[in-house]
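S.K.: Sequence plus predicted model, see below.
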Amino acid sequence: MNGDGQEMKRMGEPWAKYHDYKGSFDTEIRDRPSIAIEDSCNGMHQMMRPDKAFWDLHDSTMSAFAVEDPFSASSPGDCILRTPCGTQFKVFRVVLQIASPVFKTMFNLPQPPTHASQSGDRDFDPPVIDVTETAEAIQVLLKIFYPLETVQIKSVDLVIALVDACEKYELPISRVMAASQYVFQNLGSYDIGDIIKVHTLTWRLNMEEEAKRASRYMHHVDLTKVATVQKLITPSGNLLPLVQLYDLRTRREHNIRYIMRQFNPQQYFCDRHNSSADKIADFEELLRTALNDPYPTCTDLMTFLSRSIPGRGTLSPRSGCKGKSACFGNTPFAEFTDNDEKTSHMSRLVSNHPQHITWVRRHFHPE
């Protein structure tokens, strides 16, 4: 037995069928005159039928994933999509052809001969297409493009996986975006790791308003960490998401200094605390922390600034400073008789504070 035959015997009948399919597929591609189609189909062949090493990492005979109707084995579909874990989705070729030019091109090629199923000569096993996406991603993707009820996606990783699949199979991404609005509208319920992923995805898809919204939740992100920088630029190879966050951080720091000058907290300190650099620094840090909220508002100065400073605590609630009935250095803000006036002043300053990135439609790519 030659090398190919030994390899097929070791891999089993499914791989032998694939080997036969590959031969007829490559022959058809070589005979076609169109370079564009040839390149597309060769890429599609690599995409649809990963090499042996890929499938060796998975058990293609067992799957714990529950396939929902109308993609289960009882479906009247005429094609099977098989994921790396062995999960099979029985679907209609016509749906795939309408939704994806990639599938349309593939199904227009001469197909390998079908094999009679065990149920009788009149029934035939539908062709199996091996895909690299997870079972969850394929099932949600099919739900989006089948005429079914609207899908709501809440997983950031799943959104990214579906966008990758849409680009790969040339599917309209707009449908995935419509099903993913929960993610973009509820960023406050996600951790910072997911928010960074959403931010990079918005730049990748040129989603201006969503990129601005995501940047509001990233004020406390350390942009000097290598791991953070890689997460921001690696998905798209574009430096602009990072550049714009740096620009936002710079504008915010400049404005905090402007607020400190305009509000002039020194005038609310007594003589003993007015020259205390630590007390002034505490006040500025309270202000910076309060402004890290995605949508900061100041309806009461005491509430707005009543934030703890990591490692330093809060302004101490003592009293008895000389020369003033109250002092930012050591009394609660509620004791100020002109608290409403101070609140109104701070509110105007906060409303003009930079909270999101600007949108620049040029691209910076790492060398």
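M.R.: All right, it came through fine.
S.K.: For residue 91, give me phi and psi.
M.R.: Torsion angles at residue 91 (phi, psi; degrees, to the nearest 10) stand at phi -130, psi 170.
S.K.: ok, the residue nearest to it when sequence neighbours are not counted - how many residues close by?
M.R.: Nearest non-adjacent residue to residue 91, counting by C-beta to C-beta, 6 or more residues apart in numbering: residue 77, 4.6 Å away. C-betas here are computed from N, CA, C, even on glycine. Neighbours of residue 77 under the rule other C-beta atoms under 10 Å: 20.
S.K.: does residue 77 count as helix, strand or coil?
M.R.: coil (DSSP: H, G, I helix; E, B strand; the rest coil).
S.K.: Kindly report the same for the one 3 residues further on.
M.R.: Three states are possible here, and by three-state DSSP the one that applies to residue 80 is strand.
S.K.: how close does it get to residue 91?
M.R.: Residue 80 sits 7 Å away from residue 91, taking C-beta to C-beta, to the nearest Å as the criterion.
S.K.: Between these two, which has more neighbouring residues?
M.R.: Between residue 80 and residue 91, counted using other C-beta under 10 Å, the more crowded position is residue 91 (23 against 18).
S.K.: contacting residues for that one?
M.R.: Shown in contact with residue 91 (C-beta atoms under 8 Å, 6 or more residues apart in numbering): 71, 75, 77, 79-81, 142.
S.K.: Most neighbours of all these, which one?
M.R.: With neighbours defined as other C-beta under 10 Å, the most crowded of the contacts of residue 91 is residue 81; it has 24 neighbours.
S.K.: how about the closest residue to that residue other than its chain neighbours, what does it touch?
M.R.: Nearest residue to residue 81, sequence neighbours excluded (C-beta to C-beta, 6+ apart): residue 89, at 4.5 Å. Neighbouring residues of residue 89 by C-beta under 8 Å, 6+ apart: 67, 71, 80-83, 135, 138-139, 142.
S.K.: rerun that using 6 Å as the cut-off
M.R.: Taking C-beta atoms under 6 Å, 6 or more residues apart in numbering, we find residue 89 in contact with 71, 81, 138.
S.K.: The second one and residue 133 touch, don't they?
M.R.: I take that to be residue 81. No. The pair residue 81 / residue 133 is not scored as a contact, 8.8 Å apart, by C-beta atoms under 6 Å.
S.K.: Need the overlap of contacts for those two.
M.R.: By C-beta under 6 Å, 6+ apart, no residue touches both residue 81 and residue 133.
S.K.: hmm, back to that, ok, of the contacts of residue 91, which one's closest to residue 108?
M.R.: Of all the contacts of residue 91, residue 79 has the smallest distance to residue 108: 13.6 Å, by C-beta to C-beta.
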